[in-house]
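1. can't give you the sequence, but here's the structure:
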């Protein structure tokens, strides 16, 4: 286990370095300067600003300075909001995004598993068809379209929920529904298909022959093995939820990292773009690593040394 973890950590560092490097050079390949839109600023002032933010240095020097800022986790001041550092913006926005992401993930996982189990137990019945129709719609409709529909129907027409901002539990309902529906649909379909396969296994037939209750058979014997495909996709689903919050936060005016990230792209605020990219990339890579470990814990038959060789 220790050797496997060390190898995975090394692979995580290499992956993060590749993301950092690619983002840096893609960002700097765009023509122009972040100060080009400052119409009332003279060329001399622009040159001084570029010198202050080291944008006048050769690209390899900027890259080295950037790697140093990543290692020390000090991304310096924002270009467009010079009174704020990137670290301060991360510290202020990430807790909100994290709360939205965690609540969404919990809702998606539990509702998706429940929907999948019900559909499997009522296979080829009305409930099964209804559950899978909901799942297909959830996968097909983008979260920003669903967010607009939810705002129109529940906040504007029926006025039962607030439209935007992030000041009470009621404000969490609409953005959570908009973000959770897609992942919930994927989990429901995976759980249903996996549960249908597990329920045909010999050990399940033996449990039924022993007279065990359906509830005990499902939750004690079948569910653990049926959840393996769900655990496999949890890392990518968590990634889609976290990146999806960028758009949803903008739609619902939520003061999270999505707000800063979208604004930084529009204004070419290099420190904020790089800081948020490194921050989120680290979190997502860690999630994928934890999912790998959880997969081995859930199914002891999976040997880590075999997984390394695959």
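-> Nice, thanks for sending it over. Here the structure is a predicted model, which means the values were calculated and not measured.
2. pretty sure residue 164 contacts residue 249?
-> No: counting by C-beta atoms under 8 Å, residue 249 is not a contact partner of residue 164; they are 10.0 Å apart. C-beta: built from backbone N, CA, C; applies to glycine.
3. Pick out whichever of the two has more residues nearby.
-> residue 249 (25 against 14; other C-beta atoms under 10 Å).
4. measure the more buried one to residue 272 for me?
-> The gap separating residue 249 from residue 272 is 15 Å, by C-beta to C-beta, to the nearest Å.
5. ok, now residue 293?
-> From residue 293 over to residue 272 the distance is 32 Å, taken as C-beta to C-beta.
6. swap in residue 174?
-> Where residue 272 is concerned, residue 174 sits at a distance of 27 Å (C-beta to C-beta).
7. now residue 149
-> Counting by C-beta to C-beta, the separation of residue 149 from residue 272 is 31 Å.
8. Looking at these two, which is more packed in?
-> residue 272 (27 against 11).
9. That one belongs to a helix?
-> Yes: under DSSP: H, G, I helix; E, B strand; the rest coil, residue 272 falls within a helix.
10. Doesn't residue 161 lie inside a strand?
-> No: secondary structure of residue 161 (three-state DSSP): coil, not part of a strand.
11. what residues are up against it?
-> 154-155, 170, 173-174 (C-beta atoms under 8 Å, 6 or more residues apart in numbering).
12. any idea how far residue 151 is from it?
-> From residue 161 over to residue 151 the distance is 9 Å, taken as C-beta to C-beta.
13. Pull up the overlap in contacts between these two.
-> residue 174.
14. just for the chain, where's the confidence low?
-> By pLDDT under 70, the weakly predicted segments of the chain are 1, 4, 32-42, 243-244, 294-310.
15. can you list the domains in it?
-> Following automatic domain parsing, one gets these domains for the chain: 2-71, 92-298.
16. how about those, which one is nearest residue 86?
-> For these, the distance to residue 86 is smallest for domain 92-298, at 3.9 Å, taking C-beta to C-beta.
17. which of the domains of the chain is buried the deepest?
-> Per residue and on average, the most neighbours among these fall to domain 92-298, with a mean of 18 (mean count of other C-beta atoms under 10 Å).
18. any idea how far that domain is from the chain center?
-> Distance, stretch centre to chain centre, for domain 92-298: 9 Å (C-alpha atoms, centre = their mean, to the nearest Å).
19. residue boundaries of the strands in the stretch 51-200 of the chain?
-> Assigned by DSSP state E, counting those that start in this stretch, the stretch 51-200 of the chain shows no strands.
20. can you give me the helices in it?
-> Ranges of helices in the stretch 51-200 of the chain, per DSSP state H, counting those that start in this stretch, are 59-72, 86-121, 126-140, 143-150, 169-198.
21. packing partners for the longest one?
-> If I follow you right, that is helix 86-121. helix 126-140, helix 169-198, helix 228-251, helix 257-267, helix 270-298 (3 or more C-beta pairs under 8 Å, 6 or more residues apart in numbering; DSSP states H and E).
22. out of these, nearest to residue 109?
-> Comparison of these against residue 109 by C-beta to C-beta identifies helix 169-198 as nearest, at 6.2 Å.
23. So residue 15 is in contact with residue 286, correct?
-> No: checked against C-beta under 8 Å, the pair residue 15 and residue 286 is beyond contact range at 11.0 Å.
24. coming back round to it: would you mind putting the domains of the chain into JSON lines with distance to residue 80 alongside?
-> Below are the domains of the chain laid out as JSON lines (distance: least, C-beta to C-beta, whole Å):
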{"stretch": "domain 2-71", "distance to residue 80": "7"}
{"stretch": "domain 92-298", "distance to residue 80": "5"}
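25. Of the ones you listed, which is nearest residue 84?
-> domain 92-298 (8.6 Å).
26. coming back round to it: ok, which of the domains of the chain comes nearest residue 82?
-> Distance to residue 82, taken as C-beta to C-beta, is lowest for domain 2-71 among the domains of the chain, at 9.0 Å.
27. so how far is the closest one from its chain's centroid?
-> With C-alpha atoms, centre = their mean, you get 23 Å for domain 2-71.
28. Nearest spatial neighbour of residue 166, chain-adjacent residues omitted?
-> Excluding the flanking residues, the one nearest residue 166 by C-beta to C-beta, 6 or more residues apart in numbering is residue 254, at 4.7 Å.
29. My guess is the one you found contacts residue 248. True?
-> Yes: under the criterion of C-beta under 8 Å, residue 254 makes contact with residue 248 at 7.3 Å.
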